[in-house]
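here you go, sequence then predicted model.
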Amino acid sequence: MREEGVPMAILSKQFKDALSMIEPGVDAAHAAEAHTEVRDYLERDAELSDWGLHTVLIGSYKREVSIRRVKDVDVFCELEDLPEDADPQELLDKFVDLLTDEYDDRVCKNDRSVKVEFPDYDMHVDLVPARYVSGVWEIPDKDGGWEATHPIRFGELTTSRNGDHDGHYVPIVKLMRQTRRALLGDAKPGGLFIEVAAYHAFADIPNADSADAPGSTAEYYTVALETMAPILRAHAQGSEPLMNPALPNQQLHVRATQVELDAVAEAWEQAAVDARAALETDDEQQAARTFLRLLGQNSDGDDVFTVPAASAAATQSAAAAVAAGHRKLPSGDSPNFA
Amino acid sequence: MNDAATEFVEAAVRRYDEELNRAGFRTTRCGESPADWSWVGHVEPEHEELTVSLKEGFPFAAPRVALPARAGTADWHQTADGVLCLWDTHAQGDLPWLDAAELLGRVQQWIRNAADGWVADAPQLDLEAYNSPRVITRRGQSVLPILIIDRWADLADHWFRATMPTDTGLMELKGYPRRTPPATSSVRSRRRRRGRGRPDRFVNGIAVDLGEMTHPLIPTDDLLDALGVQTPTVGGLLTAGRPVLVAARYSRAGVHGLMGFWLEPQGDGVIRGCLPVVEREASQHRRAGWHASSIADRTVTVIGAGSIGSYVADLLHRSGVHDLHVHDSDLLLPGNLVRHAASAAQVGAMKADAVRDTAAQRDPSWPITARPRINSLAEAVELLRDRDLVVDCTGDRRIWHLMRAAADIAGKSFVHVAVMGHGQYGRVDICPPLDGAEPLDEDPVVGVALTEWEGGCGDPVSPTPPIAVLETAAMGARFALRMLAGEQVPPAGESRALFPDVA
């Protein structure tokens, strides 16, 4: 990955700080409180208990790739002993009724899940009921039937990929999600789409065992953008749709228009070019400004990426005032007066 | 740290981060201060893992460079936790660690040298760096004790007693016991110690020669074995709960070094801490300058032990003049200390005695002889005839006339050292000039209003800056040194403008 003599704007601390700026922060505590409360409530219901209720966290929060702000927490409600003839919509209604007793109008039914709002935290908990059939978990689909899913598997794959890349995968996914937010705002597709694209892209990035593996966060960020760009373009063109990592034969559900898919592909292609130029410039100010533009502001309106000081002192230092063997003492090589 | 300094250091760290990443390292930690940063990489030929971490003081302080796989193995130029000593202090002057390629090359060179057994190593006598130091607490401060001896030869293979560390950690020889110390103290002395509740006033020590060192770390068992027939005695003292100081001499490449081991019983074992052992005389004489050997046997008289004279005499003593006489009959008063070489402890003494005693406190090897002031022409002539060099530092025109007349009679020049115009010029005059040369021109001194008076002084207090005194005295001592060593000097002397712009 590294070419001899090519400058690299590593900016390690700035990338570390950028990751801090998009960390969920207090949202993480709120999310933990919210999902624990709802799960405890569900687990006290006798009927759900008879159906073998076992709740597990899923989604970006569970995979630790969520960024500030965390808007939702997904809870997978395994009902291993649910009768085979149970109707998925009736099951969702059962959840709605039960939760309404506790949360009143904060409960809302979706196609596949039931949502409980926590307005004080500006957050909601999504509860996804699931049955176990022939060794596969199934959840309600939008057409009134059931569809197979394997949400826990994606978490396992995430952990594995993160290990393969010496812990770089998860932070880079966060930076990719932040980049989507910075470049495309609230437009679809959402963060999961970007995360899945990153997951597939990382399969083609040399891992930590390889001498060609990217070394720094800056390199990983750039290489990830470059590797994801053609994947996103292929998906937009329909030539190679993104697949669900947990279920290899299942295409990822993507709620986005063709215009939106083209936009994200184009944005990523340009971001990849810009990031590469920034990485290889010897002007760290210019590089930092590019990374700042690509990462934008967090939900608090603060710049995610910090541009280093361009003071005279910093310039003097960067201009090799301090370099090995650069300076000779005016007095020559004075002895040590031991 | 102020903002500019912080930004300078942060920029240097970013630059280093890039440099190391370009060289194949990976950043493992980063943060606000240099000490928050570290990297990991590999070094050939064995693709060994190498870690680099910064210390406060970067970029002007070398990073900690370690081969973690070597932690716990004792070798030269490496600490117990695998941190390498890559550059001696002098080699750090060019900040070589800032060049990642040079850093890697240096580590590879270190690995090669280690594999070869450091055969080309200079005889670095720094065994203390490899053995844990003894640290004590005095007045709430951590102090590193140091044992000062005059000469190893006085000590070798003997039992000795050393004072307990002072507040600064200083330990000195207290004497030599007439017989091997008993493992346990006598009933009488135990009773005396218990009765008065006094701490030990000395520690028993044994001096041992460890010979050529092949390994930097000296295990305690090896140390005890090296004590030979004294091992049981040392063991007995330790068993009896008494500490023992082992002063050891060792060799590297035939050059001797010294270090001490403080052994102290603790529980069922013995703890030990190392301390420097320094030969005062030899270590001072090594620093006397390159003229020392050629002037050691020369005889010098300094007339006047005031401001200039005290420093001229002090410098000549430091430089290795063994036979040095100083003539003065004035008393040293507190005000003199500002422009005088004597220590404050000498206030109230004759200035000549003060110069002698201050020098003796530093190095008693060749004491200065204090004499009264010169009063007669006969004395002056005798001095010029008997001594290799006479330096007049009185600044007194009457004495100068006396010495000038004596020089004509003796047919020998003397050196006159003086500050002119209360610090405007410093002069060294060779009187008369050598080889028939013309005397130096007078300096264009301007008048200075003297406004400071002091009780006990008939003359006003001179406003001469202390700097002018030291600079002029250094000129005079330099002339004296070169003349004693037979080197060529300007035949009439030298005049230097010091503070010529005085209004």
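Received, thanks.

okay, CA-based contacts and neighbour counts for the rest of this
Noted.

and stretch B:385-400, end to end?
End-to-end distance for stretch B:385-400, by Cα to Cα, to the nearest Å: 17 Å.

can you mark which positions in it are buried?
By neighbour count on 16 or more other Cα atoms under 10 Å in any protein chain shown, the buried set for stretch B:385-400 is B:385, B:388-395, B:399-400.

rebuild these as CSV, extending it with distance to chain A and pLDDT.
CSV is the format used below for the buried residues of stretch B:385-400 (distance: Cα to the nearest Cα, whole Å; pLDDT from 0 to 100):
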residue, distance to chain A, pLDDT
B:385, 38, 97
B:388, 31, 98
B:389, 29, 98
B:390, 30, 98
B:391, 29, 98
B:392, 31, 97
B:393, 29, 97
B:394, 32, 95
B:395, 33, 91
B:399, 39, 95
B:400, 38, 95
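
using TSV, lay out those residues together with secondary structure.
As requested, the buried residues of stretch B:385-400 are exported to TSV (DSSP: H, G, I helix; E, B strand; the rest coil):
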residue	secondary structure
B:385	helix
B:388	coil
B:389	strand
B:390	strand
B:391	strand
B:392	strand
B:393	coil
B:394	coil
B:395	coil
B:399	helix
B:400	helix
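
and which of those residues is nearest to residue A:64?
Ranked by distance to residue A:64 (Cα to Cα), the buried residues of stretch B:385-400 are led by residue B:393 at 82.6 Å.

now do the contacts for the closest one.
Residue B:393 makes contact with B:302-306, B:308-309, B:416-418, according to Cα atoms under 8 Å, 6 or more residues apart in numbering or on different chains.

in strands, which of those appear?
Among the contacts of residue B:393, DSSP state E puts B:302-303, B:416-418 in strands.

flag every residue of the stretch 251-400 of chain B that's near chain A.
Contacts of the stretch 251-400 of chain B with chain A, taken as Cα under 8 Å from any Cα of the partner chain, are absent.

pick out the residue of the stretch 251-400 of chain B closest to chain A.
Closest residue of the stretch 251-400 of chain B to chain A, Cα to the nearest Cα: residue B:287 (8.8 Å).

that residue looks like it's in a strand, true?
No. The assignment for residue B:287, made by three-state DSSP, is coil rather than a strand.

what sits against the residue nearest the centre of chain B?
Nearest to the mean C-alpha position of chain B, by Cα atoms, centre = their mean, lies residue B:284 at 7.0 Å. Residues in contact with residue B:284 (Cα under 8 Å, 6+ apart) are residue B:363.

that one - that's part of a helix, no?
Yes. Membership of residue B:284 in a helix is supported by three-state DSSP.

any idea how far it is from residue B:247?
Taking Cα to Cα as the measure, residue B:284 falls 20 Å from residue B:247.

now do residue B:489
For residue B:489 relative to residue B:247 (Cα to Cα), the value is 46 Å.

so those two - more neighbours on which side?
Taking other Cα atoms under 10 Å in any protein chain shown, residue B:489 and residue B:247 do not tie; residue B:247 has more neighbours (28 against 15).

the helix or strand containing the more buried one pairs with which strands?
Here residue B:247 sits within strand B:244-252, counting by DSSP states H and E. Next to strand B:244-252 in the sheet, as set by DSSP bridges, lie strand B:202-212 (parallel), strand B:255-266 (antiparallel).

neighbour-wise, give me the winner out of the contacts of residue B:393.
Of the contacts of residue B:393, with other Cα under 10 Å as the count, residue B:305 tops at 34 neighbours.

from what I see, it and residue B:328 are in contact.
Yes. Using Cα atoms under 8 Å, residue B:305 is in contact with residue B:328, at 5.5 Å.

what do these two both touch?
Taking Cα under 8 Å, 6+ apart as the contact rule, residue B:305 and residue B:328 both touch B:351-352.

need the pLDDT of the residue nearest to residue B:405 when sequence neighbours are not counted.
Nearest-residue entry for residue B:405: residue B:377, 7.6 Å, with adjacent residues in sequence omitted and distances by Cα to Cα, 6 or more residues apart in numbering or on different chains. Residue B:377 is assigned 97 on the pLDDT scale.

just residue A:7 next, same as before
67.

do the same with residue A:84
Note on residue A:84: pLDDT of 88.

ok, the one 10 residues further on next?
Residue A:94 is assigned a predicted lDDT (pLDDT) of 96.

against which helices or strands is the helix or strand that it is a member of packed?
Assigned by DSSP H and E, residue A:94 falls within helix A:88-103. Using 3 or more Cα pairs under 8 Å, 6 or more residues apart in numbering or on different chains; DSSP states H and E, the elements in contact with helix A:88-103 are strand A:107-109, strand A:114-118, strand A:136-140.

quick check: which of these is nearest to chain B?
Comparing these by Cα to the nearest Cα, strand A:114-118 comes nearest, at 35.9 Å.

neighbouring strands - and their directions - for the closest one?
In the sheet, strand A:114-118 lines up against strand A:107-109 (antiparallel), strand A:123-133 (antiparallel) (DSSP bridges).

would you point out which residue of the stretch 101-250 of chain A is nearest chain B?
For the stretch 101-250 of chain A and chain B, the shortest gap (Cα to the nearest Cα) falls at residue A:215, measuring 5.3 Å.

with adjacent residues omitted, what lies nearest to that residue?
Of all residues not flanking residue A:215 in the chain, residue B:26 sits nearest, at 5.3 Å (Cα to Cα, 6+ apart).

nearest residue to residue B:394 other than its sequence neighbours?
residue B:304 is the one closest to residue B:394 (Cα to Cα, 6+ apart), at 4.7 Å.

contacting residues around that neighbour?
B:310, B:326-328, B:352, B:373, B:392-394.

pLDDT wise, what is it at?
Per-residue pLDDT puts residue B:304 at 97.

check residue A:320 too.
With respect to pLDDT, residue A:320 has a value of 53.

tell me how many other residues crowd residue B:321.
Residue B:321, neighbours per other Cα under 10 Å, totals 27.

how is it assigned, secondary-structure-wise?
Of the three states, residue B:321 takes coil according to three-state DSSP.

phi first, then psi, for it.
Main-chain torsions, residue B:321, degrees, to the nearest 10: phi -80, psi 120.

ok, and the closest non-adjacent residue to it?
In space, residue B:321 is closest to residue B:296, 5.0 Å off (Cα to Cα, 6+ apart).

now do residue A:276 against residue A:31, distance only.
Residue A:276 is 36 Å from residue A:31, where distance means Cα to Cα.
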